[in-house]
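Student: Build me a model:
(one chain, ligands or ions: 2)
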Amino acid sequence: MITEKLVVTTIEESKGEISRAAEIIRNGGLVAMPTETVYGLAANALNEKAVSDIFAAKGRPQDNPLIVHISNIEMLNNLVSDIPSVAQKCISKFWPGPFTAILPKSDIIPSSVCAGLDTIAIRMPSNPIARALIEKSGVPLAAPSANLSGSPSPTTAEHVLLDLDGKIDAVIMAGKSDVGVESTVVTFAVNPPRLLRPGGITAEQLRKIIPELVIDKAVFSEPEKGKPVASPGMKYKHYSPKANVIIIDSNAEKYAEYVNGHTGEDVYALCFDGDTESLVAPCISYGNENDSAEQATRLFDALRTLDNQGCKICYARMPKTQGVGLAVYNRLIRAAAFEVIKL
Ligand code: AMP
Ligand code: MG
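Tutor: Residues are numbered from 1 along each chain as shown. Ligands and ions are numbered 1, 2, ... in the order given. Predicted structure coming up:
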């Protein structure tokens, strides 16, 4: 298969490309689309064959359900059987945006989208190109991240092509994702609601609406083997570069001392901007130490760069866990297979 590259600048200037992408979706094809979180691999969520093609292209385990993307509230009403009032408040506040609500599903959605669960994950993205594509397609779009399962999520169209060129019908080429990590996922199928995955909408923002919000254990720690998990995606080793990543939880001085004492062939430092001068090892920075939003936009690209440069061992500096920092930490600790050294 030849993957069509559809360059989109603005909605007004790229009407033809967006119409072409929508036509591919309506014909049951797969299109990688930009969103404000990461690039998503989109297909008609109501077409069972198209949904199964998403799983095949990504090599995604069948028991890991997909998020369905919508562009208006009527679409939501068709997909769910109930919207608790607290969910309604969050939706009004955080949509469109990087917030996914898990709600009881209606019957029109194929069970493969939800991996056989009786709930469905739904999000209304704010990226205008994603919105235009959903609108033009006229159907809700199932769209997991547009990467091979297990590799770092794509924050540019180039990342998508590195993983999926020749395996999908088209990719919309539209620059970098604004947030850089996947959406915040909250389930309203339990009481009190539970944060399953941190993202661009922070736990602090959510608590203003849901003071009783529970943060699932799997956000911070490795799920116990064999035990059921609230969000199937949490049990998979995610975002993992080929390198062995080890998080160092310390200040800048102790970090530099430790990394400089453990140099070797293909040993790298994944650090903050100010750290590079004190380190002997080759360094990849993922942003300013005090700017979690910047770290979120740079982390996945930094993980891919480590692989491209042949990194075998990577000592990563621990991010702050407030605000969007919790999402950065959640992704990094999975990339590190939960290996943290506290100094
Ligand atoms: P991705 O599509 O790669 O961003 O991953 C979607 C995430 O949402 C995964 O961690 C899924 O396990 C989770 N998810 C999707 N649907 C549900 C659901 N119905 N219940 C719990 N978690 C879900
Ligand atoms: Mg993913």
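Student: contacts, neighbours, all on C-alpha from now
Tutor: OK.
Student: Could you list the contact residues of the stretch 101-250 of the chain toward ligand 1?
Tutor: 102, 114, 117, 119-121, 144-145, 182, 230-234 (C-alpha under 6 Å from any ligand atom).
Student: which two in the residues you listed are spaced the farthest apart?
Tutor: 117 and 182 (21.1 Å; C-alpha to C-alpha).
Student: In terms of neighbours, single out the busier of these two.
Tutor: residue 182 (27 against 14; other C-alpha atoms under 10 Å).
Student: burial measure for the nearest residue to residue 107 once chain neighbours are set aside, as a count.
Tutor: Leaving aside its chain neighbours, residue 107 sits nearest to residue 79 (7.6 Å; criterion: C-alpha to C-alpha, 6 or more residues apart in numbering). By other C-alpha under 10 Å, the residues close to residue 79 number 22.
Student: And the residue lying closest to residue 271 once chain neighbours are set aside, its phi and psi?
Tutor: Spatial nearest neighbour of residue 271, chain neighbours left out: residue 285 (4.7 Å); criterion: C-alpha to C-alpha, 6+ apart. When read as degrees, to the nearest 10, the backbone of residue 285 gives phi -90, psi 140.
Student: Kindly provide the distance from residue 285 to ligand 1.
Tutor: Taking C-alpha to the nearest ligand atom, to the nearest Å as the measure, residue 285 falls 25 Å from ligand 1.
Student: Quick check, pLDDT for that residue.
Tutor: Listed pLDDT for residue 285 reads 97.
Student: Likewise for residue 235?
Tutor: 67.
Student: Residue 241 now?
Tutor: Model confidence at residue 241 (pLDDT) stands at 75.
Student: doesn't residue 151 make contact with it?
Tutor: Yes. Counting by C-alpha atoms under 8 Å, residue 241 touches residue 151, with 6.3 Å between them.
Student: Looking at these two, which one has more neighbours?
Tutor: residue 241 (23 against 19).
Student: Over to that one. Which of the three states is it?
Tutor: For residue 241, the assignment made with DSSP: H, G, I helix; E, B strand; the rest coil gives coil.
Student: mind listing what it touches?
Tutor: If you count contacts by C-alpha atoms under 8 Å, 6 or more residues apart in numbering, residue 241 has them with 151-152, 303-304, 306-307, 335.
Student: Kindly report the same for residue 188.
Tutor: 84, 87, 101-103, 194.
Student: can you tell me which of the residues you listed are in helices?
Tutor: residue 87 (DSSP state H).
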